[in-house]
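**Q** Got a sequence here, can you model it:
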Amino acid sequence: MGLSRAYRTATMAVLLSVTAACGNRISPVPQASSAPPPSASASPTVESAPLAADPRAALPANLRARMPRFAPPPPATKVTLPANGTAGWFSRIPTDQKVAFITIDDGWEKNPLAARLFRAANVPIALFLEVNAISDNPGHFRELQATGATIQNHTISHPVLKGRSYAFQKHEICGGADQLGRLYGKRPTLFRPPGGAHDATTLRAAHDCGMKAAFFWKETTHKGKVRFQEGTTVRPGDIILMHFRPRFVDDFLAVLNAIHKAGLTPARLEDYIP
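**A** Numbers count the residues shown, from 1 in each chain. As a prediction, this is how the structure comes out:
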């Protein structure tokens with residue numbers, strides 16, 4: 001027993017000397033705190049979440065500098081549609097509100113900057129798509145749809161409809177709407193006849209295909225220039241026509257700036273149709 005006690009005493013002395021030599025590199029056993037635990041209702045300190053990135057930052061600086069900003073559009077005032085079995089026909093929405101409408105036709109050119117432009121602009125856009133034009137890459141327009149753009153009808157093959165039979169026109173209009181509905185999850189209810197050419201048969205066939213209204217335009221855009229049918233500025237309610245063409249970026253920015261210069265803001269065309 002004496003030897004054992006002496007061994008334990010020596011061991012304890014060694015441990016004490018090691019502890020003194022190492023200083024704070026050996027942590028003492030934590031002691032139970034006498035302070036009460038924090039209240040369950042107390043708000044913990046949480047770091048603020050970073051602000052969402054500005055979608056404009058995804059654009060080259062020279063494009064950001066050319067893109068105006070807009071206030072949100074006002075609540076829409078609905079138009080009156082015909083009650084005679086035909087689709088409505090509009091080249092301008094009859095409203096005094098300070099709004100204009102951006103519409104883009106066909107779908108042949110698929111610019112890789114389009115989705116970034118749409119997100120950065122953050123304005124309503126209606127895409128009147130021709131089925132044949134988008135058939136090689138329908139996913140491109142699904143990406144544009146994801147930015148908030150809406151998909152509308154521009155026939156299957158882009159024929160001149162005026163003067164054609166009811167059966168021919170109905171095939172092109174109904175077929176376009178049906179195929180676009182399958183591709184994009186929602187069947188269109190708005191229509192633009194190719195080239196704007198139409199007759200009474202066109203509006204009757206469009207109505208029978210579920211199209212509420214068909215549209216012409218007051219301004220067109222090509223190679224970065226806006227061309228006016230009336231006057232030299234965009235007017236309230238005007239429908240502006242673009243196409244998916246090689247100068248798509250310049251055309252889109254030209255439209256935005258023409259609307260901004262007129263003191264208007266882009267609005268959603270569908271919101272004005274009952």
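
**Q** Please count neighbours and contacts with C-alpha atoms only from this point.
**A** OK.

**Q** The strand ranked longest in the chain pairs with which strands, parallel or anti?
**A** Ranked by number of residues, the top strand in the chain under DSSP state E is strand 99-106. Here strand 99-106 has these sheet partners by DSSP bridges: strand 126-129 (parallel), strand 239-243 (parallel), strand 265-266 (parallel).

**Q** Can you lay out these as CSV showing mean neighbour count, distance to residue 83 and mean pLDDT?
**A** Listed next are the strands paired with strand 99-106 as CSV, based on neighbours: other C-alpha atoms under 10 Å; distance: least, C-alpha to C-alpha, whole Å; pLDDT from 0 to 100:
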stretch, mean neighbour count, distance to residue 83, mean pLDDT
strand 126-129, 26, 24, 98
strand 239-243, 23, 23, 98
strand 265-266, 24, 28, 98
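
**Q** Which one, of those, ends up nearest to residue 73?
**A** strand 265-266 (6.0 Å; C-alpha to C-alpha).

**Q** List the contacts of that closest one.
**A** Strand 265-266 has contacts (C-alpha atoms under 8 Å, 6 or more residues apart in numbering) with 70-73, 98-102, 123-124, 259.

**Q** what do you get for stretch 247-263?
**A** Against stretch 247-263 from outside (C-alpha under 8 Å, 6+ apart): 66-70, 98, 100, 102, 111, 113-114, 117, 221-226, 233-235, 240, 242, 265-266.

**Q** for residue 94, what are its contacts?
**A** Residues counted as contacts of residue 94 (C-alpha under 8 Å, 6+ apart) are 79, 237.

**Q** May I have the beta-bridge partners of the closest residue to residue 103 other than its chain neighbours?
**A** In space, and not counting its chain neighbours, residue 103 is closest to residue 126: 4.8 Å by C-alpha to C-alpha, 6 or more residues apart in numbering. Note on residue 126: beta-bridge partners by DSSP bridges are residue 103, residue 150.

**Q** what about residue 126, distance to residue 61?
**A** Relative to residue 61, residue 126 is positioned 26 Å away (criterion: C-alpha to C-alpha, to the nearest Å).

**Q** Residue 220 is in contact with residue 233, isn't it?
**A** No - the criterion here is C-alpha atoms under 8 Å, and residue 220 misses it with residue 233 at 11.9 Å.

**Q** Now do the contacts for the residue most central in space within the chain.
**A** By C-alpha atoms, centre = their mean, the chain has its centre lying nearest to residue 147, at 2.1 Å. When contacts are counted by C-alpha under 8 Å, 6+ apart, residue 147 touches 115, 118-119.

**Q** before we move on, back to that, how near is the residue nearest to residue 103 to residue 174?
**A** Computed as C-alpha to C-alpha, the residue 126 to residue 174 distance reads 19 Å.
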